[in-house]
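only geometry, no sequence info:
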């Protein structure tokens, strides 16, 4: 179905789900992009309780209860075993409050977190009227315009005679039809300090990282926005006085030629911007790094996750150890560069030799790169549905095929992280690493 252009104005409030604790704010890019798909006659309000506070949401809904409340559930938990926090628990509490503040509004929930566990979330939170699975830019406007006929719209969950109905898997929007975010609906300026303003150049990912949910959520092929659209979106941010943003693509430098095209035009159009991004080590070279630096790249983030041929293969990475080492060598010989690495402490097929080499690499980065070294972060991969790691975890006996990966308690959530059974003794060292990290954070917070 298509949303008619002449649909009357709707009272719509789009809310980013609160996390439940103070963190660096992340701009609700998904909601802003959703708003970009609405007919011009609709004037949605975007709200983020993580920045404005829950009282603002209460006042907003009580003062003028909207027809539609859309809630984006982006993250279910912190994804870090060393600093585990269960956002989903707070989401359920917030949902009850929203229903009490606006008892007659239609509540629609979507977002990446919802799309991983739609049936569980709908069943545990019966006050949700509709759920939208996967990308919602064209599903949500159609649903709002046809609330009495949800069965005709793919990607929708709803209740009928006490039964949960799913209308079927939707198609992903074509790259050229992905709308630009309505940054004007919620001031992005307060989010820019920690790179919290996102800008997306493409969706989907053909990589086969064993733990990653992106192929399920956004497809297994790249859908690239027109380069001019990307440049125009940067221009929209500059008009709102935003000087720093993050390219939120899973991997910015694939395909490399396209990222070079974007950066080459950025260099002349927006010489004063600063940006961050995630990169693959494969094909990363000095010339490309310099172009990134010249256009304002503040930090290059890499996620090799393993540091041995065995772990890289088990994790489905398409890189080699030499690719990781090459990034280090480039950083060592360049000025004004900062690189960060994420590793898994005890991934599939980890060995004591691979572990020691990984730790030595991390120490080398910190000692020899100095201020050029950003965060060298260790963690454990979260076991999530629709991923090869889920199957590996079942095969290794860490979970069963019936294990609830969206459990009711944080204690149970701790069991949803992968740790290689053959080198489980490394977990004792990880506990020491976590203790040291918490002491360091406590001391920094006291300064």
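Now that the structure is in, tell me what you want to look at. Values in this document were obtained by computation on a predicted structure and should not be read as measured data.

buried sites along the longest helix anywhere in the chain?
When every helix of the chain is counted residue by residue (DSSP state H), the longest turns out to be helix 426-446. Going by neighbour count (16 or more other C-beta atoms under 10 Å), the buried part of helix 426-446 is 426, 430, 434. The way it works is simple: take the backbone N, C-alpha and C, and place the C-beta from them, glycine included.

could you export those as CSV, including pLDDT and distance to residue 103?
Formatted as CSV, these follow (pLDDT from 0 to 100; distance: C-beta to C-beta, whole Å):
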residue, pLDDT, distance to residue 103
426, 94, 51
430, 85, 47
434, 79, 43
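
and of these, the nearest to residue 272?
Minimum distance to residue 272 across these is 39.6 Å, recorded for residue 434 (C-beta to C-beta).

now the closest one: how far from residue 126?
As for residue 434, its distance to residue 126 is 37 Å (criterion: C-beta to C-beta, to the nearest Å).

ok, and what's touching the strand or helix carrying residue 70?
Following DSSP states H and E, one finds residue 70 within strand 68-72. With contact meaning C-beta atoms under 8 Å, 6 or more residues apart in numbering, strand 68-72 is reached by 10-17, 28, 30-31, 34, 44, 61, 95, 98, 102, 105-111, 140, 144.

pairing partners for that strand, with directions?
Sheet pairing here is set by DSSP bridges, and for strand 68-72 it gives strand 12-16 (parallel), strand 106-110 (parallel).

now do the same contact list for residue 235.
Contacts of residue 235 were listed using C-beta under 8 Å, 6+ apart, and they are 269, 270.

give me the pLDDT for it.
At residue 235, the predicted lDDT confidence score is 98.

check the gap between it and residue 192 for me.
Distance of residue 235 to residue 192, given as C-beta to C-beta: 16 Å.

and residue 219, how far is that from residue 187?
Noted for residue 219: a distance of 31 Å to residue 187, by C-beta to C-beta.

neighbour count for the two, which is higher?
More crowded of residue 219 and residue 187, by other C-beta atoms under 10 Å: residue 219, with 18 against 14.

now the more buried one: closest residue in space, sequence neighbours ignored.
Excluding its sequence neighbours, the residue lying closest to residue 219 (C-beta to C-beta, 6 or more residues apart in numbering) is residue 204, at 3.8 Å.

quick check on that neighbour: phi, psi?
Main-chain torsions, residue 204, degrees, to the nearest 10: phi 80, psi 160.

do residue 339 as well
The phi/psi pair for residue 339 (degrees, to the nearest 10) is phi -120, psi 140.

for the protein, give me the ranges with low pLDDT.
Counting by pLDDT under 70, the chain contains low-confidence ranges at 1-9, 442, 446-447.

swap in 90 and give it another go.
Along the chain, segments meeting pLDDT under 90 span 1-10, 40-41, 43, 81-82, 174-176, 193-195, 428-447.

so how far is residue 385 from the residue lying closest to residue 396 once chain neighbours are set aside?
Counting by C-beta to C-beta, 6+ apart, residue 396 lies nearest to residue 421, which is 5.5 Å off, once chain neighbours are set aside. The spacing between residue 421 and residue 385, counted by C-beta to C-beta, is 21 Å.

repeat that for residue 335.
On the measure of C-beta to C-beta, residue 335 and residue 385 end up 44 Å apart.

compare the two (neighbour count), which wins?
residue 385 (12 against 7).

quick check, that one in contact with residue 118.
No - here residue 385 does not reach residue 118: they are 10.5 Å apart, not a contact under C-beta atoms under 8 Å.

burial count for residue 380?
For residue 380, the neighbour count with other C-beta under 10 Å is 21.

residues in contact with it?
So residue 380 contacts 81, 344, 345, 346, 347, 417, 418, 419, 430 (C-beta under 8 Å, 6+ apart).

what's the next secondary structure element after the strand ranked longest in the chain?
The strand that spans the most residues within the chain, counting by DSSP state E, is strand 297-305. Sequence order places helix 309-314 as the next helix or strand after strand 297-305, per DSSP H and E.

I would like the residues contacting that next one, please.
Taking C-beta under 8 Å, 6+ apart as the rule, helix 309-314 contacts 210, 304-306, 319-321, 344, 347-351, 354, 392.

quick check: bridge partners of the nearest residue to residue 80 once chain neighbours are set aside?
Spatial nearest neighbour of residue 80, chain neighbours left out: residue 379 (5.4 Å); criterion: C-beta to C-beta, 6+ apart. Here residue 379 sits in beta bridges with residue 344, as judged by DSSP bridges.

residue 379 reaches residue 345, doesn't it?
Yes - here residue 379 reaches residue 345: they are 6.7 Å apart, a contact under C-beta under 8 Å.

among those two, which residue is more densely surrounded?
Between residue 379 and residue 345, residue 345 has the larger neighbour count (other C-beta under 10 Å), namely 24 against 20.

for the more buried one, give me phi and psi.
For residue 345, the backbone dihedrals (degrees, to the nearest 10) come out as phi -70, psi -50.

thought it was touching residue 428?
No - the pair residue 345 / residue 428 is not scored as a contact, 11.1 Å apart, by C-beta under 8 Å.

correct me, but residue 35 touches residue 46?
Yes - shown here, residue 35 and residue 46 form a contact pair, counting by C-beta under 8 Å, at 6.6 Å.

before we move on, back to that, now the longest strand of the chain: how far from the chain's centre is it?
Strand 297-305 has its C-alpha centroid displaced from the chain centroid by 15 Å (C-alpha atoms, centre = their mean, to the nearest Å).

just use 638 as the starting number from now, easier for me
New numbering, starting at 638: the last item is strand 934-942.

each with direction, which strands does it pair with?
strand 911-916 (parallel), strand 976-981 (parallel).

what's the burial count for the residue nearest to residue 856?
Neighbour count of residue 841, defined by other C-beta under 10 Å: 18.

what of residue 884?
Count around residue 884 with other C-beta under 10 Å applied: 22.

identify the residue spatially nearest to it, adjacent ones excluded.
Leaving out its chain neighbours, the residue that sits closest to residue 884 by C-beta to C-beta, 6+ apart is residue 914, at 4.1 Å.

and residue 1023, by the same measure?
Nearest residue to residue 1023 in three dimensions, chain neighbours excluded: residue 853, at 3.9 Å (C-beta to C-beta, 6+ apart).
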